[in-house]
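# Show me how the following folds:
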Amino acid sequence: MTTHLRPVALAALAALATPAAAQDWPTEPVHIFVGFPAGSSPDTIARIVAEPLAAALGQPVVVENRPGAGGVIGVQQMLAHDDGYSFGITINGPLTTAQRLIPDLGYDPQTDIAPISLIATSPLALTVSADFPAKDVAEFVAAAKADPGAISYGSVGQGSGAHLTAELFAAEAGVELFHIPFQSYAEVTASILAGEIDAGFMAPSAALPQVQAGTMRMLGVTSTQPFAQTPDVPVLAGTAGLPEDFRAELWNAIIAPAGTDPAIVERLNHEVGTILADPAVQDRLLAIGWQVAPGTPEDLSDRIESDIALWGAVIDRME
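Numbering: from 1, shown residues only. Just a heads-up that it's a prediction; the model follows:
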């Protein structure tokens, strides 16, 4: 299923004026630092954006892979090149949870980063094997309440988005789950299929092949609206005691060092918004599990602030 931006949104994006101060910029190649290896989801997103961005800017846009520390190294490398030509495309972790989870991070996401634009979002899906007794979220919660700690779930690591989302879900639903960390969604999938764990909060794109094969089921997604890649999977919000505004999304965004000329930030926001309005780009992103979510720098700043508060509260409960 393909979801495109409404005509009103397209018109609003087209109406944005390019700042005069940035019209002569850039005069040399632009670099985008990505804190993950080539072929990873953030890298693929960066390259999908970089190609049309280079055409719009009239200069090469070079994707620089600097993997490590869950994307933090990429942000640190971007900040080390505060030259008006170095930017970053990152997942949410380095901007929302890293400050709590990594000692001596070396930067403050709310003061050292200039938000440019959110690019795309993805929920996580509460996923179980096809023969798991609970057929929906209400039954899953009821089973967890009946035997606290007996239901196990896998994540892609301690402090990962999958781990924190599961802990948020457990707190909001009033249940106790048993966490087992893995290195990848492939390992979580294999463990669910082998009957070694009961569930996982997984990226829908990672679970979809097994769901389509009939060996796994998605009980619900953590977005407030159905996800375009899995439109028939219900949302968790408002079910089984969860609040109506329950949301726990992964996201990707483009950012700059805080000292970047505001006119350049505005120019890039305009260009990225135009790129994300292209149905072909939307299709390419959705094919790898991401739904476009453009917005203003202020929108991204608000998302960073709200997610710092949301996940900070979860981490506080875990400590």
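# so after the top strand by length along the chain, what's the next helix or strand?
Ranked by residue count, the top strand of the chain under DSSP state E comes out as strand 113-123. Scanning forward in sequence from strand 113-123, with DSSP states H and E defining helices and strands, the next element found is strand 125-129.
# Between strand 125-129 and the helix or strand following that next one, find me the angle.
Where DSSP H and E defines the elements, the next helix or strand beyond strand 125-129 is helix 137-146. On the basis of axes from the mean of the first three to the mean of the last three Cα atoms, to 10 degrees, helix 137-146 is oriented at 70 degrees to strand 125-129.
# Give the burial count for H179, as a bare number.
Each residue near H179 was counted by other Cβ atoms under 10 Å, and the total is 16. From N, CA and C alone the C-beta is placed, and that goes for glycine too.
# do the one 5 residues further on as well
Other residues within reach of S184, judged by other Cβ under 10 Å, total 11.
# Doesn't N269 belong to a strand?
No. With DSSP: H, G, I helix; E, B strand; the rest coil as the criterion, N269 is located in helix rather than a strand.
# Isn't it up against I116?
Yes. Using Cβ atoms under 8 Å, N269 and I116 qualify as a contacting pair, with a distance of 5.4 Å.
# So which residues of this protein form helices?
When assigned using DSSP state H, the helices of the chain occupy the ranges 7-15, 41-57, 72-80, 93-96, 98-101, 137-146, 161-173, 185-193, 204-213, 262-276, 279-287, 297-318.
# Just the C-alpha atoms of the longest one, please, in PDB.
What follows is the C-alpha trace of helix 297-318 in PDB, where atoms were taken according to Å, rounded to 0.1, in the frame of the first residue of the first chain:
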ATOM      1  CA  PRO A 297      13.000  22.400  12.200                       C
ATOM      2  CA  GLU A 298      10.700  23.400  15.100                       C
ATOM      3  CA  ASP A 299       8.700  20.200  14.600                       C
ATOM      4  CA  LEU A 300      11.900  18.100  14.900                       C
ATOM      5  CA  SER A 301      13.000  20.100  17.900                       C
ATOM      6  CA  ASP A 302       9.700  19.400  19.600                       C
ATOM      7  CA  ARG A 303      10.000  15.700  18.800                       C
ATOM      8  CA  ILE A 304      13.500  15.500  20.300                       C
ATOM      9  CA  GLU A 305      12.300  17.300  23.500                       C
ATOM     10  CA  SER A 306       9.200  15.100  23.900                       C
ATOM     11  CA  ASP A 307      11.100  11.900  23.300                       C
ATOM     12  CA  ILE A 308      13.900  12.900  25.700                       C
ATOM     13  CA  ALA A 309      11.200  13.200  28.400                       C
ATOM     14  CA  LEU A 310       9.300  10.100  27.300                       C
ATOM     15  CA  TRP A 311      12.300   7.700  27.300                       C
ATOM     16  CA  GLY A 312      14.000   9.400  30.200                       C
ATOM     17  CA  ALA A 313      11.000   8.500  32.400                       C
ATOM     18  CA  VAL A 314      11.300   4.900  31.100                       C
ATOM     19  CA  ILE A 315      15.000   4.700  31.900                       C
ATOM     20  CA  ASP A 316      14.300   6.200  35.400                       C
ATOM     21  CA  ARG A 317      11.900   3.300  36.100                       C
ATOM     22  CA  MET A 318      14.400   0.800  34.900                       C
END
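# Done for today, thanks.
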